[in-house]
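Visitor: predicted model, plus sequence, below.
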Amino acid sequence: MSDLSNSKKVALGGFVVLLSVLCLYLASILPTNKIFFFCLSTIFIAAIVIEFKTYFSLITYGAISILGFMIIPNKLIMVPYVIYFGYYGIIKYYIEKINNILIEWIIKIVLFNLFVYATYIIAVNLFISNIDIKLPIWIILLLLQVFFIIYDICYSLAIKYYKYKIRRFLKVR
């Protein structure tokens, strides 16, 4: 690999880290649009997956996670990012190579449910000792499933937008 190619990796990786951490920071301090900025923070890693595949994507995800824990005032916002959403673009890349939409969705939803369970266990054991839930748990799980499906569809649209509109201006190759 040439020095120019490595320079492009570092430059794009740094830009992705900057944008992701900025969105996570905004999600932690703004009174509104928290979910929007959180979801937006997770999409930038897709550019690294598209351009350089997974090894450099994992390094970029690690940099975002470490820097996020250092900079973000509300550390709780980093938990779902680190546990699942930060590397979702990498997972999505491999799942969608299956080319069977039914199997892809089953895998995505099963993995999301495992994430929800892990997040719940971590939240109860580390952060919150008593969770007072007003809605029945099945409604919350159903709403989370709907949120995830919308998130995945928006993620796919963002990937298409990057591939067909933004990528040609970056001259990464």
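Guide: Nice, I can see it.

Visitor: for residue 51, give its distance to residue 85.
Guide: Going from residue 51 to residue 85 by Cβ to Cβ, to the nearest Å gives 20 Å. Just so you know, the C-beta spots here come from the backbone N, C-alpha and C atoms, and that holds for glycine as well.

Visitor: does residue 26 belong to a helix, a strand or coil?
Guide: Put simply, residue 26 is helix when judged by DSSP: H, G, I helix; E, B strand; the rest coil.

Visitor: quick one on the thing from earlier: higher neighbour count, residue 51 and residue 85?
Guide: Set side by side, residue 51 and residue 85 show more neighbours around residue 85, with 22 against 19, by other Cβ atoms under 10 Å.

Visitor: any idea which element the closest residue to that one other than its chain neighbours lies in?
Guide: Spatially, and ignoring its direct neighbours in sequence, residue 85 is nearest to residue 42 (4.5 Å; Cβ to Cβ, 6 or more residues apart in numbering). Here residue 42 sits within helix 34-43, counting by DSSP states H and E.

Visitor: model confidence over that helix, on average?
Guide: Average pLDDT, helix 34-43: 92.

Visitor: buried residues, that helix. List them.
Guide: By 16 or more other Cβ atoms under 10 Å, the buried positions in helix 34-43 come out as 37-43.

Visitor: for the closest residue to residue 19 other than its chain neighbours, give me phi and psi.
Guide: Distances taken as Cβ to Cβ, 6+ apart place residue 44 nearest to residue 19, at 4.9 Å, with adjacent residues excluded. Note on residue 44: its backbone torsions stand at phi -60, psi -30 [degrees, to the nearest 10].

Visitor: what residues are up against residue 44?
Guide: Residues near residue 44 by Cβ atoms under 8 Å, 6 or more residues apart in numbering: 16, 19-20, 23.

Visitor: scan those and report the most crowded one.
Guide: That'd be residue 20 among those, by other Cβ under 10 Å, with 25 neighbours.

Visitor: ok now do that one, which residues does it touch?
Guide: Applying Cβ under 8 Å, 6+ apart, we find residue 20 in contact with 41-42, 44-45, 64, 68, 86.

Visitor: adding distance to residue 147, write these out as CSV.
Guide: As requested, these are arranged in CSV below (distance: Cβ to Cβ, whole Å):
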residue, distance to residue 147
41, 16
42, 13
44, 20
45, 19
64, 22
68, 21
86, 17
